[in-house]
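Enquirer: Sequence first, then the predicted structure, then my questions.
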Amino acid sequence: MVITSEKKALSAIKKGFWAFLFIPEELKSAEICRIAVEKDYRALMFVPKKLMTTELCHIAAKKDGNALKLIPKELLTEEIYCAALLENIKALKFLPWELNSEELYGIYLSAMEKDYWTILDVPEEFRREELCRIAIEKDGSMLELVPEKFKTKELCHIAVKNDGWALLHVPEKFKTEELCLMAVKNDGSALNFVPEELKTFKLCRIAVKKYGLGLGDVPEKFRTKELCYIAVMQNGYAIRYVPEELKSLQLCCFAVAYHEKSDEFVPEEIKSMELYSIAAGKNPQRNIGII
């Protein structure tokens, strides 16, 4: 690639920062350097010393916190450090000074408000209630990362309201009938984490209506003809959890019609030309083998 004018340089750099490698030093203007750095912070490595400014370094830091390792020490400012840390909390390792615990917590808190996934990089000793709440309000599954001492009834309620699966990480003492109902309404598979004594027919019905395979977590006494029908209609493979005495020709036909592996759980005495013919009629798009 031969770049012979500033116009060609601008055109090339807009396609990708890699073009910066082919631009002659005399054509590298402040504008070209800015565009390159905005595309990729690593362009800082090829910026001429005379064009390396605090403003340009700030742009790089906002783009990626790892830019701190490329910025000359004499150009580093508090604003640049803050921009880098907000973008990538892992940039803490590039700080040239020690921070006390409250300063660190403040940085973690600011980063969390921008991106709740930052909690993955926050040491457990800094996962305080305020910080955890920010993550939970965005994504209930983050309850898994909350220290046990901060898992309050209120925080668990917020988590499950956002994500039924969060019930998995709720302490047993907070699992009430109300909370479990909220969980399965959000995610039928959450039935797996409901204590046996809180599983009612109503709760199980709601769960399998949303997630047919949840029938496997339904107590035997609630696996009625109605509930099994609902489960199989939602997911044909749920036939595997249907009691043998409830596996009728009609139910098995639905299962085989809509799930290719369900016939593994169909009783041998029901497997017949009639079953596969009916199943094929219910779902013509599926290539059902006739045995």
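Expert: The structure has been received and is ready for your questions. Small disclaimer: the values here were computed from a predicted structure and weren't measured.
Enquirer: In the stretch 1-150 of the chain, mark out all the helices, start to finish.
Expert: For the stretch 1-150 of the chain, applying DSSP state H, counting those that start in this stretch gives helices covering 6-13, 30-39, 54-63, 78-87, 101-114, 129-138.
Enquirer: Of all the ones you listed, which one is nearest residue 23?
Expert: Ranking the helices of the stretch 1-150 of the chain by proximity to residue 23 (C-beta to C-beta) places helix 6-13 first, at 4.8 Å. Every residue, glycine included, has its C-beta placed from N, CA and C.
Enquirer: Give me the residues contacting the closest one.
Expert: Helix 6-13 has contacts (C-beta atoms under 8 Å, 6 or more residues apart in numbering) with 1, 3, 19-20, 22-23, 27-29, 31-32, 35-36, 39.
Enquirer: JSON lines for the residues you listed, including pLDDT, distance to residue 112 and neighbour count?
Expert: Formatted as JSON lines, the contacts of helix 6-13 follow (pLDDT from 0 to 100; distance: C-beta to C-beta, whole Å; neighbours: other C-beta atoms under 10 Å):
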{"residue": "1", "pLDDT": "59", "distance to residue 112": "43", "neighbour count": "9"}
{"residue": "3", "pLDDT": "76", "distance to residue 112": "43", "neighbour count": "17"}
{"residue": "19", "pLDDT": "80", "distance to residue 112": "36", "neighbour count": "22"}
{"residue": "20", "pLDDT": "77", "distance to residue 112": "34", "neighbour count": "24"}
{"residue": "22", "pLDDT": "82", "distance to residue 112": "41", "neighbour count": "14"}
{"residue": "23", "pLDDT": "82", "distance to residue 112": "39", "neighbour count": "22"}
{"residue": "27", "pLDDT": "83", "distance to residue 112": "43", "neighbour count": "16"}
{"residue": "28", "pLDDT": "85", "distance to residue 112": "38", "neighbour count": "20"}
{"residue": "29", "pLDDT": "86", "distance to residue 112": "39", "neighbour count": "15"}
{"residue": "31", "pLDDT": "89", "distance to residue 112": "35", "neighbour count": "13"}
{"residue": "32", "pLDDT": "86", "distance to residue 112": "36", "neighbour count": "22"}
{"residue": "35", "pLDDT": "89", "distance to residue 112": "31", "neighbour count": "18"}
{"residue": "36", "pLDDT": "88", "distance to residue 112": "31", "neighbour count": "29"}
{"residue": "39", "pLDDT": "89", "distance to residue 112": "27", "neighbour count": "18"}
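Enquirer: And stretch 93-105, what's buried?
Expert: When burial is assessed from 16 or more other C-beta atoms under 10 Å, stretch 93-105 yields the following buried residues: 94, 104-105.
Enquirer: Let me fix that, I meant to ask about stretch 72-85.
Expert: For stretch 72-85, using 16+ other C-beta under 10 Å, the buried residues are 76, 80-81, 83-85.
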